[in-house]
Each structure stands twice: as structure tokens, then as C-alpha cells.
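Enquirer: The following comprises the amino acid sequence and a computationally predicted model.
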Amino acid sequence: MKQTKYDSREEWFAGRRAKITGSRLKDIVVKRGTGKKIGFYELIAERLGIPADDESAMDRGTRLESEALDVFEKETGKKVDRSLIIWTRDDNDCIAISPDGFIAGKKIKEAVETKCLSSARHIEAWLTKKIPDEYEYQKLQYFIVNDDLKTLHFTFYDPRLIAKPFFIIEVSRADVQKEIDEYLAYQKHILLEVDAIVNELTF
């Protein structure tokens, strides 16, 4: 796995261009989700007196990410490297992920993904003990990009939900190895198709 560090968010955003990142993978792979509708969890949030807001998940995540990582460190005793960084596969640098944080070491075996969702989505994840379907491929991408990764600490943080503002769903490579292999092959196939079309259009 190769790592590229960036000094600014602008450079980091530019570095993500033309790469299949964890957040982008869901827009490529087709999958149907199951379970209760979000309205069910919105009702719970309203019953708890949590006001609705129009802040996007991305804006909320950016605003609260550092705070969520602080809570993770306090809860686990693990020190998180928060470098602005993009990981790419050794054999294909168009397959990438931008980790929120990781536990540094000679080999990076643990990473942290933070989600600061709407209260309804936070409650849904807590009650189902399941990472929402929309983040399924982002979860897998960590392992697809980093062959050394053993554990992904997928964290949820909503300081408005006083009873349960923070929790972690641990993801082990052993539990998702079949999906890792499947979607690595899928991405390599897609990128070959992209290369062929680009070559056809430019030569």
C-alpha cells in the first residue's frame, strides 16, 4: 500500500480525482438494501426531542470529525494519526481510500472511520448494530486498499443524543474477506474498461 500525505484540504481533494475512493464506490456497485425505512428512526429522534436540522451529513462530519476522534481515543486508549492522507493500492493507484484516522505502525493494521449522521441515522445504526448500507462499500474499501488492515473501527458520533452519543461497530477482515475479493476484482475490471475507453478517445 502506498501513502500520499497532503498539506491542505484543497490538495487532498485534488488528489482524490479520477480514483475510486470508499465514498465513490457506492456509486459504482449496484446493491439493494433491506430493513426499516428512515422514517421509523426519525420518529424515535423526534420522540427524544432532538430537533431536525438541514445540515448535510458531509458538513456535519467535517464539523464533528475531530471531536469524534477525540472521543474514540478516550474510549479506547488508542492514539489516532489524523494526517490528511490518501491510501492507494500497491498494484493500482486508482483504487484508493481517504481514512479519517489510523493507528500508526510499521504496518497499518487498524483504521478509524467516523460517521456523524443525523440523529435518526445514528439511532438506526445503534439499534440494528449495523453499518448503513450506503457505507457498505466505503467499509470494504479500507480493506481492499490496505492488504495489511485487520480491523476497521467504524464509529458513530452524535453529541445531541445524550443517552448514546458514541459507539463503535468493529469490522474484521476475516468477516468480509469474500466481499473484499469480489469488489477488488470488480474495481479492476471497471478500471480496465475505463482505460480502454480513454485510450480509444485520445489516440
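Expert: Structure's in. What do you need?
Enquirer: Now do the buried residues in stretch 105-113.
Expert: 108, 110-113 (16 or more other CB atoms under 10 Å). For the C-beta atoms, the positions are set from N, CA and C on the backbone; glycine is no exception.
Enquirer: just how off-centre is that stretch within its chain?
Expert: Put simply, stretch 105-113 sits 14 Å off its chain's centre (CA atoms, centre = their mean, to the nearest Å).
Enquirer: could you dump it to CSV, C-alpha only?
Expert: Extracted in CSV, the C-alpha atoms of stretch 105-113 (Å, rounded to 0.1, in the frame of the first residue of the first chain):
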residue,chain,number,x,y,z
GLY,A,105,2.8,1.3,13.0
LYS,A,106,5.3,-0.4,10.7
LYS,A,107,2.2,-1.9,9.0
ILE,A,108,-1.1,-0.2,9.4
LYS,A,109,-3.4,-2.8,10.9
GLU,A,110,-6.2,-0.6,12.4
ALA,A,111,-8.1,2.3,10.9
VAL,A,112,-10.9,4.6,12.1
GLU,A,113,-13.9,5.8,10.1
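Enquirer: With adjacent residues omitted, what lies nearest to residue 117?
Expert: Excluding the flanking residues, the one nearest residue 117 by CB to CB, 6 or more residues apart in numbering is residue 57, at 5.8 Å.
Enquirer: I'd like to know how many residues surround the one you found.
Expert: 13 (other CB atoms under 10 Å).
Enquirer: just residue 67 next, same as before
Expert: Residue 67 has 14 neighbours, counted by other CB under 10 Å.
Enquirer: so it sits in a helix?
Expert: Yes - secondary structure of residue 67 (DSSP: H, G, I helix; E, B strand; the rest coil): part of a helix.
Enquirer: Please tell me how far it sits from residue 165.
Expert: 10 Å (CB to CB, to the nearest Å).
Enquirer: Serialize the buried residues of stretch 105-113 to CSV and add fields for pLDDT.
Expert: Putting the buried residues of stretch 105-113 into CSV (pLDDT from 0 to 100) gives the following:
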residue, pLDDT
108, 97
110, 98
111, 98
112, 98
113, 97
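Enquirer: Would you mind giving both backbone torsions of residue 2?
Expert: Residue 2 adopts backbone torsions of phi -100, psi 150, taken as degrees, to the nearest 10.
Enquirer: Could you check how far it is from residue 12?
Expert: 15 Å.
Enquirer: the more surrounded of those two?
Expert: Legend: neighbour count by other CB under 10 Å for residue 2 and residue 12, higher for residue 12 (17 against 11).
Enquirer: OK, contacts around the more buried one?
Expert: Contacts for residue 12 (CB atoms under 8 Å, 6 or more residues apart in numbering) come out as 6, 84-86, 98.
Enquirer: Mind picking the two most distant members of those?
Expert: 6 and 98 (9.6 Å; CB to CB).
Enquirer: low-confidence ranges in the chain?
Expert: 17-18, 20, 23-44, 47, 49, 51-53 (pLDDT under 70).
Enquirer: center of it - which residue?
Expert: residue 138 (4.4 Å; CA atoms, centre = their mean).
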